[in-house]
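Trainee: I would like to see how this sequence folds:
(4 chains)
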There are 2 protein chains.
Amino acid sequence: MANLSDEIEKYLNELINEYQGKIKIKRNKLADEFDCAPSQINYVLNTRFTSEKGYIVESRRGGSGFIRIIKISIESTDDLLRKLLVRVDQPLSKREAEGIIDRLYDNKIINDREKKLMETVFHKKSLNVDRTLRDYLRGNLMKSMLEVILKSELD
Amino acid sequence: MANLSDEIEKYLNELINEYQGKIKIKRNKLADEFDCAPSQINYVLNTRFTSEKGYIVESRRGGSGFIRIIKISIESTDDLLRKLLVRVDQPLSKREAEGIIDRLYDNKIINDREKKLMETVFHKKSLNVDRTLRDYLRGNLMKSMLEVILKSELD
DNA sequence: ATAATTAAAGGTCAATAATAGTCAAACCTG
DNA sequence: CAGGTTTGACTATTATTGACCTTTAATTAT
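Mentor: Have a look, this model is predicted:
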């Protein structure tokens, strides 16, 4: 039972695949197509097309305005993992952690089962402590797990 | 003379049987059907659909929220996994966690990479908090991860 | 030609809606 | 009375929207 946000995400991802990873859209036009408020588009972009997941979103206001979505292709698994390792050396929100896992999965660095194992580690249910500590632990855990994956890639 | 909780339990079990061990429900909708408070559903889930009794309960809050109940049928699961799941609902030391992981690996339930991913999660370096909290978190994390593995075995 | 106004575009943010979870108090039963 | 059951008040989370803001381009007025 997909909701509106999921449908818009799906549509945009299909577009991105069709156009080799880079698209340009009009916010109001897309909102018309899905019969929703224009700010719904912003919501989808801000929650589904994040840098953690490997996207760049550019935009321009005013006449001739547009929104461009670029899916970042990676040079190598090794390269991505090293970049992520630099990035996660700090507290992580659940959303950020999940975005990183999505990216790993999308690039076939981890498989389905590994994805699920990782996701569960970052869930609030597993880390049932206060918010600040949880985010801090997420940073630690992600770093540790990325190191394991990097090492296994080197083997 | 069955009480409300028993009736809800019965209803859910019939649903579970009808749908081959896995259902997705809406808390508020179910509460409406039984004319009870929504938190009554939580009570039933927390007392009748526990891991000890062979269930996994997942949920998501917010728009599009849901509750999913998965029954671990006896025939389709590994006995070791089930036993472990019941046992880990408590604080775990590093040694205990590692022992569990070793058993999973020795029984070929997890592979080398999964083993290493799991091990790193329970390492002191990842869970850099005081001892009591660490052991508590290890219990949570192990339970969560075992559930993932169990679910993947069911698929 | 320049300035002002209007149109066309995307962005922000709080309010609202829709969902599930927690917890203590009240109630019920044996 | 103890333990189990039910509930209501409140918290937490995710999704959607409308009012308003900001920016750029086009059009109109001077």
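
Trainee: next, the contact list for the most centrally placed residue in chain A, please.
Mentor: Computing the C-alpha centroid of chain A and ranking residues by C-alpha atoms, centre = their mean puts A:Lys53 first, at 2.2 Å. By C-beta atoms under 8 Å, 6 or more residues apart in numbering or on different chains, A:Lys53 lies in contact with A:Gly99, A:Ile100, A:Asp102, A:Arg103, A:Asp106. C-beta coordinates here come from the backbone N, C-alpha and C atoms, glycine included.

Trainee: ok, so of the residues you listed, who is nearest chain B?
Mentor: A:Ile100 (14.2 Å; C-beta to the nearest C-beta).

Trainee: just after the helix or strand containing the closest one, pick out the following helix or strand.
Mentor: Here A:Ile100 sits within helix A:94-106, counting by DSSP states H and E. Sequence order places helix A:112-121 as the next helix or strand after helix A:94-106, per DSSP H and E.

Trainee: can that next one be found next to chain B?
Mentor: Yes - contact of helix A:112-121 with chain B (C-beta under 8 Å from any C-beta of the partner chain) involves A:Asp112, A:Arg113, A:Glu114, A:Lys116, A:Leu117, A:Met118, A:Thr120, A:Val121.

Trainee: looking at these, state which has the most neighbours.
Mentor: Per-residue neighbour counts (other C-beta atoms under 10 Å in any protein chain shown) across those peak at A:Val121, which has 27 neighbours.

Trainee: my read is that that residue contacts A:Asn140, right?
Mentor: No - using C-beta atoms under 8 Å, A:Val121 is not in contact with A:Asn140, being 10.8 Å away.

Trainee: which residues in chain A form helices?
Mentor: Secondary structure of chain A by DSSP state H: the helices cover A:4-18, A:27-34, A:38-48, A:77-87, A:94-106, A:112-121, A:131-154.

Trainee: and the second one, what does it pack against?
Mentor: Put plainly, it is helix A:27-34. In terms of contacts (3 or more C-beta pairs under 8 Å, 6 or more residues apart in numbering or on different chains; DSSP states H and E), helix A:27-34 is packed against helix A:4-18, helix A:38-48.

Trainee: show residues contacting the first one.
Mentor: Think helix A:4-18. Residues from elsewhere that reach helix A:4-18 (C-beta under 8 Å, 6+ apart): A:2, A:22-23, A:25, A:30, A:34, A:36, A:40-41, A:43-44, A:47-49, A:69, A:71, B:64.

Trainee: pretty sure A:Leu89 contacts A:Met142?
Mentor: Leu isn't right for residue A:89; it's Asp. No - in this structure A:Asp89 lies outside contact range of A:Met142 using C-beta under 8 Å: 9.3 Å.
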